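> Only the shape, not the letters, is given here:
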């Protein structure tokens with residue numbers, strides 16, 4: 001774990017742009033009791049937020065403190081995380097982010113093997129930056145949970161890897177399995193592309209973990225295969241449940257979807273006042289207007 005702590009601790013300290021820090025501060029201001037803000041995903045990989053959507057995680061002290069609406073707090077507790085959309089002006093342009101909310105104490109459990117589904121431990125086994133924390137104690141807890149996520153992903157995937165050409169193959173197999181547990185559009189090569197982007201990192205981590213983890217036997221492999229089949233079944237249900245919940249909690253989602261449509265099709269539609277007040281009710285009417293303008297092909 002000491003080697004893992006050093007690697008993820010170095011990644012946590014990676015610099016981020018002023019624009020990313022600005023959108024992180026705007027998200028933090030929405031939720032009292034925020035303890036830390038994490039940065040991950042495609043904008044971290046590319047090193048640029050322009051034209052993209054910044055991915056953030058807000059780690060909070062308690063759901064009740066973080067949410068003004070008790071129902072939002074309850075939904076966050078029952079099926080974490082809650083996901084929100086935010087945008088802010090920065091130096092003459094708009095910065096956009098999607099951020100999730102979960103308590104720090106819950107995440108410390110969610111990245112362990114006690115949590116059957118890999119939704120959290122697979123996500124945080126990937127490079128993650130720490131944009132802000134409320135102090136050294138929180139920073140240390142974040143460092144430990146990120147290292148734990150890497151360890152959990154490797155430990156749960158190791159029995160599936162019968163042979164490998166390099167230590168990074170452990171993570172290629174692991175991410176390929178986790179993609180199969182969610183409703184995702186990525187092709188079969190996506191896991192290899194993800195690992196290739198940080199090949200040195202995954203080679204280093206894979207070498208450490210393959211050295212430390214025991215070699216699996218036939219029973220270990222059969223047990224792991226049963227578990228991953230179960231995760232795929234559970235994952236489809238959880239994906240649908242989270243999408244359904246997001247329809248009610250993804251604040252600002254209408255603006256995000258309209259921006260995405262304009263970005264990909266060039267079609268711009270301004271929602272009417274009543275459509276902004278009732279985004280779910282007005283969705284079919286807004287979709288029809290976008291279709292008439294050629295936004296859907």
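Received, thanks. No experiment lies behind these values; they were computed from the predicted model shown.
> thinking residue 30 is in contact with residue 86, fair?
Yes: look at residue 30 against residue 86 with C-beta atoms under 8 Å: they come within range, at 7.2 Å. The way it works is simple: take the backbone N, C-alpha and C, and place the C-beta from them, glycine included.
> out of the two, which sits in the more crowded spot?
residue 86 (21 against 16; other C-beta atoms under 10 Å).
> mind checking the SS state of that one?
strand (DSSP: H, G, I helix; E, B strand; the rest coil).
> List the beta-bridge partners for it.
Here residue 86 sits in beta bridges with residue 97, as judged by DSSP bridges.
> Ramachandran angles for the residue nearest to residue 124 when sequence neighbours are not counted?
What sits nearest to residue 124 in space, not counting adjacent residues and going by C-beta to C-beta, 6 or more residues apart in numbering, is residue 149, at 3.8 Å. Backbone geometry at residue 149, expressed as degrees, to the nearest 10, gives phi -60, psi -40.
> residue contacts, residue 149?
111, 120, 121, 122, 123, 124, 125 (C-beta atoms under 8 Å, 6 or more residues apart in numbering).
> could these go into a markdown table alongside distance to residue 288 and secondary structure?
Output for those, formatted as a markdown table (distance: C-beta to C-beta, whole Å; DSSP: H, G, I helix; E, B strand; the rest coil):
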| residue | distance to residue 288 | secondary structure |
| --- | --- | --- |
| 111 | 43 | coil |
| 120 | 38 | helix |
| 121 | 41 | helix |
| 122 | 38 | helix |
| 123 | 36 | helix |
| 124 | 40 | coil |
| 125 | 42 | coil |
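> Going along the chain, name the strands of the stretch 51-200 of the chain.
Applying DSSP state E, counting those that start in this stretch to the stretch 51-200 of the chain gives strands spanning 54-60, 82-90, 93-103, 129-133.
> roughly how far out does the second one sit from the chain middle?
This points to strand 82-90. 15 Å (C-alpha atoms, centre = their mean, to the nearest Å).
> What mean pLDDT does it get?
Confidence for strand 82-90, expressed as mean pLDDT, is 92.
> which parts of that strand are buried?
For strand 82-90, burial by neighbour count (16 or more other C-beta atoms under 10 Å) applies to 82, 83, 84, 85, 86, 87, 88, 90.
> Same question for the longest one.
Using 16+ other C-beta under 10 Å as the test for burial, strand 93-103 gives 95, 96, 97, 98, 99, 100, 101, 102, 103.
> Just flag the most distant two among the residues you listed.
Across the buried residues of strand 93-103, the longest distance by C-beta to C-beta is 25.9 Å; it joins 95 and 103.
> who touches residue 130 in this structure?
Residues counted as contacts of residue 130 (C-beta under 8 Å, 6+ apart) are 12, 13, 36, 37, 38, 39, 139, 142.
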